[in-house]
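model this:
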Amino acid sequence: MRFFARKRACSSRPAVSTGLGSGVLALALLLVAAYGLFGQSGAHPAFEVASIKRNTSDWNERARHPMGVGYQPGGRLIAQNASVMLLVRFAYAAHDSPHSLPLLASQVAGGPAWIDSFGYDIEAKPQGNTDPQHMWLMLQALLADRFKLALHRETRDLPVYDLTAAKSGPKLPAPKEVGCVSFSPGTPPRHVPGKADCGYVPLLLEPAGLRMAGSRVHMADLIRELAVVLDRPVLDKTGFTGEFDLNLSFTADEAIMGLPGYGGPGDPGGSISGLTADPNRPNIFAALAEQLGLKLAPAKHPVEVFVIDHVERPAAN
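As a prediction, this is how the structure comes out:
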C-alpha cells in the first residue's frame with residue numbers, strides 16, 4: 001500500500017505512512033525511545049477487541065499489495081495479508097511523522113521462516129478513539145499477547161550507504177514557489193486542493209520504470225525513500241541543508257532490494273506489477289549521479305536491530 005503508487009494527478013496514499021526519521025543520521029529513527037521495546041500488554045494500552053485470521057493468498061498476491069497495514073479513523077487497525085515480519089516493522093517504527101515508514105526488513109532479525117511467509121488479516125478496535133501513536137503501541141501489545149512475541153534490540157555493524165555529493169557537486173533543482181500543507185504526526189496526511197504536501201516523496205510506478213518526485217524536499221526526505229527502496233540505511237554526508245524539487249527517474253532492477261521481487265529479506269519473488277529492467281533508464285545509482293549530482297557509497301555503520309527471541313502462531317479466534 002505504501003512502497004509505490006501509480007502515476008496520477010495527485011497520488012493517493014494510505015492512512016498511515018512510515019519512515020526513517022530525519023536528521024543527519026537516518027538511523028536515529030530506529031530508536032523507540034519514548035516507549036521502550038518489549039511491547040508487553042501490561043505496559044502498553046491494548047485493543048478492546050481484535051480478530052486475527054490466517055490469509056491463504058499466495059505471496060505473489062501480497063507482492064502487489066506490500067503494505068497492507070494501516071491506521072483507520074478512531075484508532076482501528078486494519079491489516080490485510082500481512083506477515084508477522086511486516087507487523088513487527090510497523091509496530092516498532094518511530095511514528096514521529098505523517099510520512100514515517102516501517103523499519104527496514106534488514107533491521108529485524110531472528111524468528112522462524114513462517115513469519116515472512118504466513119499472512120494474516122487483522123481487525124482491531126480500541127475501547128474509545130485513539131491517535132496513531134497509541135494505536136501502534138496497541139499493536140505491540142497485540143503481538144505480545146496473541147503471537148507471544150518477545151524481542152530485544154541490539155546494535156550491529158551492518159551495510160549502509162553514505163550519500164555524498166558527486167565530484168562536480170550536487171545539481172538539485174531550486175524549489176518552485178508553492179503553497180505547502182503540513183500534517184502533525186497524529187494526523188493522517190490527505191490531499192488538499194491547490195496545495196502541495198511539501199517534503200513528501202512518493203515512489204511512483206510508471207509504464208517505463210519508477211520515479212521519485214516531491215516539492216520543497218529536504219535531504220532527509222529523499223533519504224527516507226532511498227532507504228526503503230534499497231533496504232539499507234542511508235546516511236546524509238552531502239552537507240546540503242536547503243530545499244529542492246525532486247524528480248528522479250530510474251529503472252527497476254536488482255539494486256532496489258527493498259521492493260517486492262528484488263531479493264530483500266522475506267522477498268515473495270516476482271517483481272512489482274511485472275516491472276522489468278528498462279535499458280533506456282539508468283539504475284538508481286546512476287540516476288542519482290546523472291540527475292541530482294549525488295553518489296551512494298557502500299559503508300558499514302552501527303545500526304539498531306530488533307531481534308525476535310520468541311514468536312508463536314496465533315490461536316484461531
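
CA atoms for contacts and neighbours, from now on please.
Noted.

Show me which helix or strand of this structure is least confident by mean pLDDT.
strand 17-18 (a mean of 34; mean pLDDT, DSSP states H and E).

Show me what the following helix or strand past that strand is packed up against.
Counting by DSSP states H and E, the next helix or strand C-terminal to strand 17-18 is strand 49-55. Counting by 3 or more C-alpha pairs under 8 Å, 6 or more residues apart in numbering; DSSP states H and E, the packing neighbours recorded for strand 49-55 are strand 76-82, strand 119-125.

nearest to F285, of these?
Between F285 and the helices and strands packed on strand 49-55, the tightest spacing by C-alpha to C-alpha is seen for strand 76-82, at 30.3 Å.

Specify the angle between the closest one and strand 119-125 in degrees.
170 degrees (axes from the mean of the first three to the mean of the last three C-alpha atoms, to 10 degrees).

Give me the mean pLDDT for the helix or strand following strand 76-82.
Using DSSP H and E, the next helix or strand after strand 76-82 towards the C-terminus is helix 84-91. Per-region confidence: helix 84-91 scores 93 on mean pLDDT.

can you check stretch 96-110 too?
83.

Off-centre distance for that stretch?
Put simply, stretch 96-110 sits 5 Å off its chain's centre (C-alpha atoms, centre = their mean, to the nearest Å).

May I have the distance across that stretch, first residue to last?
26 Å (C-alpha to C-alpha, to the nearest Å).

tell me which residues in stretch 288-303 are buried?
L288, A289, E290, Q291, L292, G293, L294, K295, L296, H301, V303 (16 or more other C-alpha atoms under 10 Å).

Those residues in helices, which ones?
Judged by DSSP state H, the buried residues of stretch 288-303 include no members of helices.

How about A46, nearest residue that isn't a chain neighbour?
Leaving out its chain neighbours, the residue that sits closest to A46 by C-alpha to C-alpha, 6 or more residues apart in numbering is M138, at 4.6 Å.

I'd like the next helix or strand past the host helix or strand of the one you found.
In this structure, M138 sits in helix 132-146 according to DSSP H and E. Counting by DSSP H and E, the next helix or strand C-terminal to helix 132-146 is strand 150-165.

and that following strand, what does it pack onto?
strand 234-236, strand 294-310.

Give me the angle between it and strand 294-310.
180 degrees.

For the very next helix or strand once past strand 150-165, C-alpha coordinates in CSV please.
Using DSSP H and E, the helix or strand that directly follows strand 150-165 along the chain is strand 203-206. Provided in CSV are the C-alpha atoms of strand 203-206 (Å, rounded to 0.1, in the frame of the first residue of the first chain):
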residue,chain,number,x,y,z
LEU,A,203,7.6,6.3,-5.3
LEU,A,204,5.6,6.4,-8.5
LEU,A,205,5.1,3.4,-10.7
GLU,A,206,5.2,4.4,-14.4
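
Adjacent strands (with direction) for strand 203-206?
With DSSP bridges as the test, strand 203-206 is paired with strand 5-6 (parallel), strand 209-217 (antiparallel).

per-residue confidence averaged over that strand?
For strand 203-206, the mean pLDDT works out to 84.

Residue most distant from the centroid, this structure?
Computed with C-alpha atoms, centre = their mean, the residue of the chain farthest from its C-alpha average is S168, at 31.3 Å.
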